[in-house]
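Could you look at this predicted model? Sequence included:
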Amino acid sequence: MKLYRETEFQETEIGKIPKDWKVTKLGEITLEMYYGLTAKAVDYPTELKMLRTTDIKDYNVSWEDLPYCEITDNRKFNIQKYLLQKDDIIISRAGTAGVSVLVEKDFENVIFGSYLIKVRLNKSLAFPKFIHYYFQSRYYWKQILPKQAGSTLKNISLPTLRRIVTPLPPFEEQKRITGILSTVDKTLVDVDKTINRLERLKKALMGELLAGRIRVKEIDGKLTFYRETEFQETEIGKIPKDWKTAKLKDVAEIRGNKKPTGNIKHVTFIPMEAIPDNKIYTQYEILDMHEVKSFVYCEPGDILLAKITPSFENGKQGIVPLEIPGNFALATTEVYPIKCKNIDAFYLFYLLKFSPNRNKLKSLMRGTTGRRRVPRDALEMLTVPIPPRNEQQKIAEILSTFDRAIEFYRYERSKLEKLKNGLMSVLLTGKVRVRED
């Protein structure tokens, strides 16, 4: 295939497109378009499974995870009509209205729910995967979203969809455009699989390392793993005989608030948005001191642990970077700034990420719905395992290696997403054309 820049355009209701392209309404290239069946998901096996609006994520579906269902629709219907077939495009008409998925194989036992719309295209006019990509583009979403910027339609109807305007390149060019975008999508799938594998492995290894079931030591400059055989019973379960336990308050302290002194004009500030849920270090911004009305004081190397719902449940915590200006920062009052004393900061970081500790603190949260917080005393009295200091550092080093790898692949994924969006903006409008060599 060869890419080249188009020079001859025509003006249309969706903007400039090549002179040899057509513009059509979705209803004009559709054989069938109709709503799904009313059914309810059940937690026991039945003859049917159901696709729901909530199952469509990033224009994809985890088909093996669809729930079983029972049909509650009282109308007379032909069940075959509602089974998913290859090249159906299923569009959500509620929730995230307008988001869609392309069905890539026939299903003998999967129907689609009543808040979804099935679109079956005339495949002599439109290549289904081309339309599927168009439905991901900003040109489609400009027609789906209402004029009020920033809000979404709560529902879309069949007449709305039938009026959606779409460009229609020559059929073979539709397939070539699809081939390019599919290549990027396949790479995205591979990257996602790598991220998922790393996350699963990290989670499993974290459980073994933080419980001491797998030990680590350095021999001749190399990390060596071995399985522990000698344990002691403690209030947090079995741990190795040479480990100890301690309350968090005995190995770290939650900083009291401290107001910066002197003639400070600008300050490093860490809002909740700058505290990650899947990275190690926080981000920060520089503000005029008078802009910061309330805060907690922290220093480089401190762990910031979100204490309010839903930030705590979402795993928000991070370490204050070492290179922040002024050697101190101010942070949102909805975090605990934790200064480590007799424990490695990175080891404690992972202990606070560890799901048993998170679940323990979650169970002790206080407050009204939507404003629940982890109490200070609950955090201070959290019992944690204490390996020898060098082993703490090795455990943290291993887990942070996984985090750096995961962060790298997430960054690669973001670059691929930008590439895909860039390609869609020029290929789906014909600014760049695709032809055979």
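Cool, the structure landed. Numbers count the residues shown, from 1 in each chain.

Next, the buried residues of stretch 74-86.
Tyr82, Leu83, Leu84 (16 or more other Cβ atoms under 10 Å). All C-beta spots, glycine's among them, are computed from the backbone N, C-alpha and C.

Okay, the second one and Val110: tell me how far apart.
Which is Leu83. 7 Å (Cβ to Cβ, to the nearest Å).

And the first one, by the same measure?
Using Cβ to Cβ, one obtains 9 Å as the distance from Tyr82 to Val110.

Go through stretch 403-415 and flag the buried ones.
Buried, per 16+ other Cβ under 10 Å, within stretch 403-415: Asp403, Ile406, Tyr409, Arg413.

what's in contact with that stretch?
Defining contact as Cβ atoms under 8 Å, 6 or more residues apart in numbering, one finds that stretch 403-415 is touched by Leu188, Val191, Asp192, Thr194, Ile195, Leu198, Glu199, Lys202, Asn278, Lys279, Ile280.

PyMOL command to pick out the buried ones of these?
To isolate the buried members of the contacts of stretch 403-415 in PyMOL, using 16+ other Cβ under 10 Å:
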select buried, resi 188+191+194+195+198+202+279+280
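
List just the nearest of the contacts of stretch 403-415 to Thr46.
Nearest to Thr46, judged by Cβ to Cβ, of the contacts of stretch 403-415 is Asp192 at 30.2 Å.

in a helix, that's where the closest one is, yeah?
Yes - applying DSSP: H, G, I helix; E, B strand; the rest coil, one finds Asp192 inside a helix.

for the protein, what are the low-confidence residue spans?
The model of the chain has pLDDT under 70 over residues 146-154.

all helices for it, in order.
128-134, 138-144, 158-162, 171-211, 248-251, 345-353, 355-363, 376-380, 389-427 (DSSP state H).

Any idea which of those gets closest to Ser294?
Of the helices of the chain, nearest to Ser294 by Cβ to Cβ is helix 376-380, at 16.9 Å.

Are there helices or strands packed against the closest one, and which ones?
With contacts defined as 3 or more Cβ pairs under 8 Å, 6 or more residues apart in numbering; DSSP states H and E, the packing partners of helix 376-380 are helix 248-251, strand 252-254.

wait, which of those is closest to Arg75?
helix 248-251 (59.6 Å).

okay, that closest one in PDB with CA atoms only?
Extracted in PDB, the C-alpha atoms of helix 248-251 (Å, rounded to 0.1, in the frame of the first residue of the first chain):
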ATOM      1  CA  LEU A 248       3.100   1.900  61.700                       C
ATOM      2  CA  LYS A 249       3.500   4.600  64.200                       C
ATOM      3  CA  ASP A 250       6.600   2.900  65.600                       C
ATOM      4  CA  VAL A 251       8.400   2.900  62.200                       C
END
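
and it, how far out from the chain's middle?
33 Å (Cα atoms, centre = their mean, to the nearest Å).

What residues of it count as buried?
Leu248, Val251.

pretty sure Ser100 is touching Asp88, no?
No - counting by Cβ atoms under 8 Å, Ser100 does not reach Asp88; the two are 10.1 Å apart.

on that earlier part again, could you export the buried residues of stretch 403-415 as TSV, including distance to Asp377?
Listed next are the buried residues of stretch 403-415 as TSV, based on distance: Cβ to Cβ, whole Å:
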residue	distance to Asp377
Asp403	30
Ile406	34
Tyr409	39
Arg413	41
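
Ile395: which of those residues is nearest?
Asp403 (12.7 Å).

Quick check: the closest one vs Asp242, distance?
27 Å.

Equivalent analysis for Lys293, please.
Taken as Cβ to Cβ, the span from Lys293 to Asp242 is 49 Å.

higher neighbour count, the two?
Asp242 (13 against 6; other Cβ atoms under 10 Å).

and Gln136, what does it touch?
By Cβ under 8 Å, 6+ apart, the neighbours of Gln136 are Tyr59, Ser100, Met424.

Of those residues, grab the buried ones for PyMOL.
Buried members of the contacts of Gln136, defined by 16+ other Cβ under 10 Å, are picked up in PyMOL with:
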select buried, resi 100+424
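
could you dump the contacts of Gln136 to CSV with distance to Asn122?
What follows is the contacts of Gln136, written out as CSV (distance: Cβ to Cβ, whole Å):
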residue, distance to Asn122
Tyr59, 22
Ser100, 17
Met424, 23
